[in-house]
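Student: Okay, here's the prediction I keep looking at, along with the sequence it came from:
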Amino acid sequence: MPRISRSNRNQIGKPSVSFDGKHLVALYIRLSREDGDKLESDSIVNQRNKLRNFIEGKEEFVFHDTYVDDGFTGTNFDRQDFKRMISDIENRTVNCVIVKDLSRFGRDYIGVGEYLEKIFPQNNVRFIAIDDNIDSSKNVYDMMMPVRNVFNEQYAADISKKVKSAFKTKQLNGEFIGAFAPYGYKKDPHNKNKLVIDTYAADIVKRVFDMYLSGKGKIAIAKQLNSESIPCPSAYKSLNGLNYTNGQNINDTKYWTYATIHRMLKHEVYIGNTVQGTNYRMNIKVKAKMLPREQWITVKNTHEPIIDKQTWNAVQNLLQRDTRQIDFNQNISVFAGFLCCGDCGRAMAKNSYTKKNGEKSISYRCGSYQRYGSDVCTTHTIRHEVLEKVILDDINSMIINLKAFKRIVENSVKSSEKKRVSSEQEINRISVMLEKTKRLKKGLYEDYKEGLLLLDEYKSLKERYDEEEQLYANMVASLSQNDDISDSDAIAQEWVVHLLERGSIEELDRVMLSELVDEIHVFEDSKIKIIYRIEVRDLKESISAI
C-alpha cells in the first residue's frame, strides 16, 4: 500500500506528496465540437501523443491510465471517463492529473477552480496543464488561471451560440442534425443530414402501426414484440455498434415499453417529416427543457415515409380517443372509443356471454347503468351484430350515394368545361368594354378643364361612366366564378377515394370507423345516431342537396 503523507493538504502551489516518491499519472483527454475544439490540433490522437511524450523518460511519473471523453462538453463535469478518473483519485490509485491545456480539463471556471483549489490539494493530487505552463508542484499559484477559466467558459458559450445558430439553419432547411437516426431510419452514407429507410426496423414500425389500428393497446404491442425477442430501439442501436444511451430509459431498459410505442405512434418522422428543435436550453449551464409543440421546427416531405398518410391519420384519430381496447377473446373491439349513451353521454360498456349452443355473443349497455344502476340511467342495451348491421347499412348507403354524386359531378365538370370556354370569351369581350369605359372616364376631366364640357355635363357623364364601370366589373367577377370546383374537390378527398375503391362494405374495421365516424350514440330500443366526422357530414349535406 502506498504511503500517503498529509503534510501538504490545502497548500496550493506547494509540492504535492507522491506515492513512494512516484506520481501515479492519469492522462486526461477531452474533445467536443460543441466547445469549438479544433478537430486537428485538439484531436484525441494529438492530445494522447503530447501527453505521452511529456511523461516519457521522466522517472517521477508512473503511467496509470488514459481517460478519454470524446464528444463531451467542457461546460460541466458530467463525463463518463472524468468520473472514472475522480473515482481512481478517491481510491488512491491516481495522484497526478496531466492535460494538454486547461480547457481540456473544463470550461466551467467555478467547477475548475473547485477541483484545482480544493479537491485536488485535499487529495494530494498534482495537476499539470502542459500548454498553459501550470504545474501545482513547481509553480507559485498562477493568478491568471482564474482569468483563463473565465475565458474558456465564455469561449465555450460563444461557440455554443454559433453552433446553435448553424444547427437551427440546418433544421429550418429540413436537414437532420441528430446524433442518431430515429428507429426505422439510418443516416444516408453520402449525406449525414439526410435519413434513409432501415428496412428491418421500418418493418417493425409498420407492424406497430398495424397492430394499433387492429385494436391492440400499447402495452399489448410491447408485450408482443418482447415475446418475439425483437430488440427495442435502444438495444437495436447498440447491436448496430452505435454508442447510444436513451436518457428516457430507467435502469438502461432493454425492452419495449408503453412509452416507446406511444412515442413511435406520434412521431411525424414516419410520414416523411423532420421534427427538430423540441428542446431549449437558456445557457450552457442549464438543462434543456421541452418546448411547446407549436414551437417545434417541422419540415415536411424531407425523406421517404414509412407510414402512409391514411394510416397515420387513422392512428392519430384513435390516439386522441384514449380508448380502452377490449374484446372477449383478444381485448380488441372495433367500437372501442366510439360508443356512448345517447342520454347520459357515458361510454358504453361491453358485455360478453356464451349461449346454450356454445356460441359467444357481445352486447353493449350504458356505463352509468352498469356502474350505478337504474337510479342514474337505463340500460340502453344493443347487441353487437345489430349495431354493426345498422352502421354497415348506413355506410353502404353513403357509398351508393357517393357513386351517384361522383357521376353527377363528373358530368357537370364536362359541361362546365364547355361553358368555361364560352365564359372566357365573354369575359374577354366585357373586359375590353371595361377598359374603354375607364379611358373615357379618365378623359372627362381633361375635357372639362379645357372648356369642352360644362360642369353639369361633366358630372352627368362621370356618373354614367361610374355605373358602367361597376356593372362591367361585376359581370367579369360573376363569370369568373366556378361553382363546380368545390364539388370536384370534395370527391377527390382521400377518404372518399378510399371508400369508393372499397365498394360495398361487408365488415367493419377500426380504420374505416376512424376515417368516417366521430361518435355513435345509443338510445333505448336499439336506436342509434351516427355522428360522422365534419368533412363526411359536409359532403353528405352536399349530396342531399342534389
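Tutor: Received, thanks.
Student: Tell me the secondary structure at residue 131.
Tutor: coil (DSSP: H, G, I helix; E, B strand; the rest coil).
Student: Pull the number of nearby residues for it.
Tutor: 12 (other Cβ atoms under 10 Å). C-beta here means a position set from N, CA and C on the backbone, and glycine is covered the same way.
Student: let's number from 279 now, not from 1
Tutor: With 279 as the first residue, the last one maps to residue 409.
Student: what's around the closest residue to it other than its chain neighbours, how many residues?
Tutor: Distances taken as Cβ to Cβ, 6 or more residues apart in numbering put residue 379 closest to residue 409, at 4.1 Å, once the chain neighbours are dropped. The tally of other residues near residue 379 (other Cβ under 10 Å) stands at 17.
Student: ok, residue 379 - contacts?
Tutor: For residue 379, the contacting residues are 407, 408, 409, 410, by Cβ atoms under 8 Å, 6 or more residues apart in numbering.
Student: Nearest spatial neighbour of residue 361, chain-adjacent residues omitted?
Tutor: Excluding its sequence neighbours, the residue lying closest to residue 361 (Cβ to Cβ, 6+ apart) is residue 355, at 7.7 Å.
Student: What pLDDT is listed against the one you found?
Tutor: Per-residue pLDDT puts residue 355 at 90.
Student: I figured it hits residue 384, correct?
Tutor: Yes. Contact criterion Cβ atoms under 8 Å: residue 355 and residue 384 qualify, at 6.4 Å.
Student: Between those two, which has more neighbouring residues?
Tutor: More neighbours surround residue 384 than the other of residue 355 and residue 384, with 29 against 17 (other Cβ under 10 Å).
Student: Quick one: residues contacting that one.
Tutor: 352, 353, 355, 390, 393, 430.
Student: residues near the second one, how many?
Tutor: For residue 353, the count of nearby residues is 21 (other Cβ under 10 Å).
Student: what's the closest of the contacts of residue 379 to residue 536?
Tutor: Closest approach to residue 536 among these (Cβ to Cβ): residue 407, at 48.8 Å.
Student: can you tell me how far the closest residue to that closest one other than its chain neighbours sits from residue 333?
Tutor: Excluding its sequence neighbours, the residue lying closest to residue 407 (Cβ to Cβ, 6+ apart) is residue 380, at 4.7 Å. Distance, residue 380 to residue 333, by Cβ to Cβ, to the nearest Å: 18 Å.
Student: Who has more neighbours out of the two?
Tutor: Taking other Cβ under 10 Å, residue 380 and residue 333 do not tie; residue 380 has more neighbours (24 against 17).
Student: What distance do you get for the more buried one to residue 787?
Tutor: Remark: distance between residue 380 and residue 787 (Cβ to Cβ) = 65 Å.
Student: re earlier: look at the residue nearest to residue 409 and report its pLDDT.
Tutor: 87.
Student: could you say which helix or strand contains residue 796?
Tutor: strand 795-800 (DSSP states H and E).
Student: other SSEs contacting that strand?
Tutor: strand 617-619, helix 662-727, strand 806-810 (3 or more Cβ pairs under 8 Å, 6 or more residues apart in numbering; DSSP states H and E).
Student: For those, state which one has the densest average packing.
Tutor: Per-stretch averages of neighbours, counted by mean count of other Cβ atoms under 10 Å, single out strand 617-619 among the helices and strands packed on strand 795-800, with a mean of 23.
Student: Could you give me the buried positions within the host helix or strand of residue 543?
Tutor: For residue 543, the host element (DSSP H and E) is helix 536-544. Residues 538, 539, 542, 543 are the ones in helix 536-544 that count as buried (16 or more other Cβ atoms under 10 Å).
Student: go on, stretch 380-393?
Tutor: For stretch 380-393, the neighbour count (16+ other Cβ under 10 Å) marks 380, 381, 382, 383, 384, 385, 386, 387, 389, 390, 393 as buried.
Student: Please report the distance of the residue most central in space within the chain from residue 456.
Tutor: The centroid of the chain falls nearest to residue 553 when counting by Cα atoms, centre = their mean (4.4 Å). Residue 553 sits 10 Å away from residue 456, taking Cβ to Cβ as the criterion.
Student: Please apply the same query to residue 512.
Tutor: Per Cβ to Cβ, residue 512 is found 14 Å from residue 456.
Student: if you count what's nearby, which of the two comes out ahead?
Tutor: For residue 512 versus residue 456, neighbours defined as other Cβ under 10 Å are more numerous around residue 512 (21 against 11).
Student: That one: which element?
Tutor: Element membership for residue 512, per DSSP H and E: helix 511-517.
Student: For residue 288, give me the pLDDT.
Tutor: Listed pLDDT for residue 288 reads 37.
Student: I meant to write residue 723 there.
Tutor: Note on residue 723: pLDDT of 77.
Student: Also residue 359?
Tutor: So residue 359 comes in at 94 (pLDDT).
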